[in-house]
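S.K.: what's the 3D shape of this:
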Amino acid sequence: MFTGLIEATGRIERVVDAGAGRVLEVSAPIAGELAPGDSIAVSGVCLTVTAGDANRFRADLSRETRAATSLGRAEAGRLVNLERPVRADARLGGHFVLGHVDATGRVIEWRADEGGHWLTVETPEALDPYFIAKGSVAVDGISLTLASVAPRRIGLQIIPFTFTHTSLAEMRVGELLNIEADVLGKYVVRLIQSRLVDGALAGLAPVEP
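M.R.: Below you'll find the model as predicted:
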């Protein structure tokens, strides 16, 4: 589990296609603290470290991860956000982030705004029920507050610290970002949907044998 508070940024040094998956090699200041088998969120995607040294680490992308996240299209040179799992005895800032990306969203607006930046992301319609104004969302692994919500798009106010210390510093309009909706919201929506279905089924006449 993660919090969406980015520890460091790294840079993809090499990408190798491996069958339906990929292998990423990332240079990072925290690489020396990672060991094979460790989990790490790379731009919001929970990956497993497979090898590394003091300067870089490697991680595999499965076919599903390659298809469902922006890492499937990422090339060498891309700046990525990094976060190790939260410790049980640590303060919990941000919000609960699992590293299980729901979908990718496309940047349609990115501009300076009142000392910070304003980000508008086009998102799949299927995610609309999970977004509420002032709620939480993970964008490329960054825990952010939803400043505005509309059908198929979300707006986010980016403070200078977040801009400076994450991959947003190199982002451009048209890029794809990994989106993970708040897991608590997803459970609530799922519960309501299940109860609506159960209620509808309860109202049906019994089927004669």
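S.K.: tell me the mean pLDDT for the longest helix anywhere in the chain?
M.R.: Using DSSP state H to assign secondary structure, the helix with the most residues in the chain is helix 183-202. Model confidence over helix 183-202 averages 79 on the pLDDT scale.
S.K.: That one: which residues count as buried?
M.R.: By 16 or more other C-beta atoms under 10 Å, the buried positions in helix 183-202 come out as Val183, Gly185, Lys186. (Glycine included, C-beta is placed from N, CA and C.)
S.K.: The last one - nearest residue in space that isn't next to it in sequence?
M.R.: What it means is Lys186. Spatial nearest neighbour of Lys186, excluding adjacent residues (C-beta to C-beta, 6 or more residues apart in numbering): Tyr130 at 5.8 Å.
S.K.: Please apply the same query to the second one.
M.R.: Here the nearest residue to Gly185 in space, its sequence neighbours aside, is Tyr130; by C-beta to C-beta, 6+ apart that works out to 4.7 Å.
S.K.: so the residue nearest to Asp113 when sequence neighbours are not counted bridges to which residues?
M.R.: Leaving out its chain neighbours, the residue that sits closest to Asp113 by C-beta to C-beta, 6+ apart is Gln157, at 7.1 Å. For Gln157, the beta-bridge assignment (DSSP bridges) gives partners Trp118.
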